[in-house]
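Undergrad: Turn this into a model:
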Amino acid sequence: MAGVMWRAPSADWYLVAAGSRGVTRITASHGVDARADGPFLAVRAPRGARATLTGRLASGGSLAPLGQR
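TA: Numbers count the residues shown, from 1 in each chain. Purely as a prediction, here's the structure:
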C-alpha cells in the first residue's frame with residue numbers, strides 16, 4: 001500500500017492511496033479522516049496534510065504503507 005498527496009488541475013488537493021488485491025479497506029486519519037472499502041482511496045484533503053494510512057487485509061491483519069512500520 002502507498003499514498004500520495006495529488007494536486008488536481010482544479011488546484012484542489014487529494015489524498016490518493018492504493019493497495020494490493022488483498023487489501024479490503026484503507027483508512028486515513030490525523031489530518032484527513034476517510035475510509036474506503038477496497039484497495040483504493042481518493043479523498044479531498046487540505047494542502048500539506050500528512051495523514052496516517054492503515055490498510056485492512058482480507059486475512060484480518062493490518063498493513064502500513066511502504067516505508068512505515
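Undergrad: Who does the spatially most central residue of the chain form a beta bridge with?
TA: In the chain, the C-alpha nearest the mean C-alpha coordinate belongs to residue 17, at 3.8 Å (C-alpha atoms, centre = their mean). On the basis of DSSP bridges, residue 17 is bridged to residue 3, residue 41.
Undergrad: Equivalent analysis for residue 53, please.
TA: Beta-bridge pairing for residue 53 (DSSP bridges): residue 28.
Undergrad: residues in contact with it?
TA: Contacts for residue 53 (C-beta atoms under 8 Å, 6 or more residues apart in numbering) come out as 1, 3, 17, 26-28, 41, 64-65. In short, each C-beta sits where N, CA and C put it, glycine included.
Undergrad: what about this structure, any weak spots by pLDDT?
TA: Residues of the chain meeting the criterion pLDDT under 70: 69.
Undergrad: quick one, strands of it?
TA: For the chain, applying DSSP state E gives strands covering 2-7, 13-18, 23-29, 34-37, 40-44, 52-57, 62-63.
Undergrad: in its sheet, what does the fourth one sit against?
TA: As defined by DSSP bridges, the strand partners of strand 34-37 come to strand 23-29 (antiparallel).
Undergrad: what's the span of stretch 42-62 from first residue to last?
TA: Criterion C-alpha to C-alpha, to the nearest Å; first-to-last residue distance in stretch 42-62 is 19 Å.
Undergrad: List the buried residues of that stretch.
TA: Buried residues in stretch 42-62, counting neighbours by 16 or more other C-beta atoms under 10 Å, are found at 43, 45, 49, 51, 53-56.
Undergrad: Distance from the chain centre to it, please.
TA: From the chain centre to the centre of stretch 42-62 is a distance of 3 Å (C-alpha atoms, centre = their mean, to the nearest Å).
Undergrad: Ok, stretch 58-68 next?
TA: Using C-alpha atoms, centre = their mean, the offset of stretch 58-68 from its chain centre is 11 Å.
Undergrad: Of the buried residues of stretch 42-62, which pair is most distant in space?
TA: Among the buried residues of stretch 42-62, the pair separated by the greatest distance (C-beta to C-beta) is 49 and 56, at 21.1 Å.
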